[in-house]
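**Q** Here you go, sequence then predicted model.
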Amino acid sequence: MRKNFIIGLLINLILFNGWAIIHFELPFYKLDLAIAAISIILMSIIHNRFAFLYLITSTLGYGAFITVFAFVSNVSAKSQLDYIYEHLLVTSFLLLFWILIHYLKKISYENTSLKKQLALLEKYDKRTNILTPYEFIYQAKWIIKSAIRNGQAWLVKIEMTDNRKHTKKNLQEYLETIVLSSVREQFDIVTAVPKKIFFILKDTDETGVKIVLNRVQDKLKTELNTISPPYEVKIEHIKDETTLAVVEEELQ
């Protein structure tokens, strides 16, 4: 509610300011409107720090222009007062619009940050129910420590090779579901990023890994009637946490 009130107030003040520039028709009001229009476009697309620099530069530049013009033209005291009013209107318009843009961008950054934090807290992907990358890394650290002491762990990476845009996303989602149904629910973990699927198989050997991969390939052939798998597989025996560090970089 407070954010909506501030945004509404700023917009109304900007509109009132623009109306005042048009209504009073001060000596350079057409130039004022042009500056306002250009400023709206520029300050909307450039970074906040440059928007503020633009605000200061424009305000000082416009003030210098009016001062020089008044000095050269030897205008009357009343005209000089009009120039002062005009400069105040332009300055207040630019300042109010900068505050509005700064506030809106701040809200946008906060929302983006909250979404990222929420994504980190989520454990499972909503579409396929595999682990999110963050949760995968968290669980993988414990699995690897346990495997190094008491058993074996294998990392399997599946990378999509079908580059057709209209099928790539759906195929990967389907393959993620197949992989998840092919591993052991209480022992193995699965995650994915675009074009790549990762899973760790715990307490098994290379033969067990091949059995899982054959299971995945058989299910894919049955459902999609594929002759050759639309992906490449890389298998790595996990001996220490170095492997996980590499995977963590790919999951970023």
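**A** That came through, no problem.
**Q** Can you give the domain ranges for this protein?
**A** Domain assignment for the chain, taken from automatic domain parsing, gives 2-120, 133-250.
**Q** how about JSON lines for the ones you listed, with mean pLDDT and mean neighbour count added?
**A** (Each C-beta comes from the backbone N, C-alpha and C, glycine too.) As requested, the domains of the chain are exported to JSON lines (pLDDT from 0 to 100; neighbours: other CB atoms under 10 Å):
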{"stretch": "domain 2-120", "mean pLDDT": "90", "mean neighbour count": "14"}
{"stretch": "domain 133-250", "mean pLDDT": "85", "mean neighbour count": "16"}
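**Q** Please enumerate the helices of the stretch 151-252 of the chain.
**A** Applying DSSP state H, counting those that start in this stretch to the stretch 151-252 of the chain gives helices spanning 165-182, 206-224, 242-250.
**Q** in stretch 121-130, what's buried?
**A** Going by neighbour count (16 or more other CB atoms under 10 Å), the buried part of stretch 121-130 is 125, 128, 130.
**Q** So the second one, which state does it fall into?
**A** Spelled out, it's residue 128. Here residue 128 takes the coil state, with states given by DSSP: H, G, I helix; E, B strand; the rest coil.
**Q** And the closest residue to it other than its chain neighbours, how far from residue 67?
**A** Leaving aside its sequence neighbours, residue 128 sits nearest to residue 176 (CB to CB, 6 or more residues apart in numbering; 4.3 Å). Distance, residue 176 to residue 67, using CB to CB, to the nearest Å: 67 Å.
**Q** list the contacts for the residue nearest to residue 128?
**A** Residue 176 sits next to 125, 127-128, 130, 190, 192, 197 when contact means CB atoms under 8 Å, 6 or more residues apart in numbering.
**Q** Could you check how far it is from residue 202?
**A** In terms of CB to CB, residue 176 sits 19 Å off from residue 202.
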